[in-house]
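# heads up, no residue letters with this:
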Ligand code: ZN
Ligand code: FE
C-alpha cells in the first residue's frame, strides 16, 4: 500500500495546515485545519490542485480562520466536530463515526479527544492521524476546557493506535517541547537522540513532523505518565506522591505550563 501523500502548508508563526493528495486522484487535495486561506489558495494554485474537502479538529481561530474564504472560493464540503461552534455549516462528526469520502479515496475513523477543547476530534486512517492540538511531538495541548483525566484518556486513545501511524499535529512546537521533555527525563536516550535529530531538521529549515505513535511513546512525557522515571520526576517537582497516572499527568502539564 502506498503512503498517503501529506504535505505541510505553513501558516502564522508555527501552524501547519496539512494538505492531503487524494489517493487515485492527485489533482484533488483535502486540507486539515486551515487557519488561513491565503497560503492554502496559493498551494492549490501552484500545485494545480482542486480542493476536495476541509477537515477541522477544533474551533480555535488558528484552525478555522480560513474556512469561510476557502468555502467561498472552492465550495469544498467541510467536516468538523459535532459539539463545537463552527464558522460555516459543516458535516458534523463525533467519536466512533467514520468519515468516508469515496470520491476522494479517503476514509477516516473519528476519535473524540477532549481536553484542549471540549469537543476536539481527531482523524485516523491510511496509517496517519491528525490530532490537531491534542498531541504534539514531545508534548500535548494545553487544557483549556478539559480535566487531566479527560486529556490523559484522549492521549491514551491516540497512543493505542499502531506504532507506525504517522502523526501530523497542527503546530511546530517540537524543539521547545523536547527541552521540557529532557528536563523530565534527562536519562532517556531515545529522547536525546530524537532531540538531536529534530534540532538538525529545524537547522535545515525542515519540519520535524510527522512523528509516529511509536516515537511519541518513547519520547513524549505526556504519553509516559506510567513510566517510573516520569512519575518520580513529577513527584520531585510537585513535592508529593502522585498516586494515579492522571495525577502524574496533571503535575507534568502544570510543570510544563511554568517551564521556560
Ligand atoms: Zn487550539
Ligand atoms: Fe492551535
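Looks like it arrived, so ask away. Quick caveat, the model's predicted, so the values are computed rather than measured. Ligands and ions are numbered 1, 2, ... in the order given.
# who's in contact with residue 127?
If you count contacts by CB atoms under 8 Å, 6 or more residues apart in numbering, residue 127 has them with 1, 3, 4, 162, 164, 165, 166. Yep, even glycine has a C-beta here, placed from its N, CA and C like the rest.
# nearest to ligand 2, of those residues?
Distance to ligand 2, by CB to the ion, is smallest for residue 166 among these, at 19.3 Å.
# quick one: that closest one and residue 210 touch, right?
Yes: counting by CB atoms under 8 Å, residue 210 is a contact partner of residue 166 at 4.2 Å.
# overlap of the contact sets of the two?
Common neighbours of residue 166 and residue 210 (criterion: CB under 8 Å, 6+ apart): 6, 128.
# which residues of the protein fall in helices?
37-47, 61-64, 67-74, 148-159, 174-184, 189-203, 213-219, 228-238, 245-257 (DSSP state H).
# nearest to ligand 2, of those helices?
Closest of the helices of the chain to ligand 2 is helix 61-64, at 4.5 Å (criterion: CB to the ion).
# wait, does the closest one make contact with ligand 1?
No: using CB under 5 Å from the ion, helix 61-64 stays clear of ligand 1, coming no nearer than 6.0 Å.
# measure stretch 3-15 end to end?
Start and end residues of stretch 3-15 are separated by 23 Å (CA to CA, to the nearest Å).
# identify the residue spatially nearest to residue 154, adjacent ones excluded.
Leaving aside its chain neighbours, residue 154 sits nearest to residue 113 (3.7 Å; criterion: CB to CB, 6 or more residues apart in numbering).
# and that neighbour, what is it in contact with?
Residue 113 sits next to 120, 121, 122, 131, 132, 134, 135, 154, 155, 157, 158 when contact means CB under 8 Å, 6+ apart.
# got it, and residue 141?
Taking CB under 8 Å, 6+ apart as the criterion, residue 141 is in contact with 115, 116, 132, 133, 134, 135, 151.
# does the last one touch residue 143 like I think?
Yes: with contact defined as CB under 8 Å, residue 151 reaches residue 143; the gap is 5.5 Å.
# measure residue 158 to residue 49 for me?
29 Å (CB to CB, to the nearest Å).
# now residue 58
25 Å.
# then residue 210?
From residue 210 to residue 49 the distance is 20 Å (CB to CB).
# which residues of the stretch 1-150 of the chain lie near ligand 2?
Residues of the stretch 1-150 of the chain lying near ligand 2 (CB under 5 Å from the ion): 62, 133.
# can you give me the strands in the stretch 1-150 of the chain?
Assigned by DSSP state E, counting those that start in this stretch, the strands in the stretch 1-150 of the chain fall at 5-11, 15-22, 25-32, 50-55, 78-81, 91-93, 98-101, 106-112, 121-125, 128-130, 135-136, 139-140.
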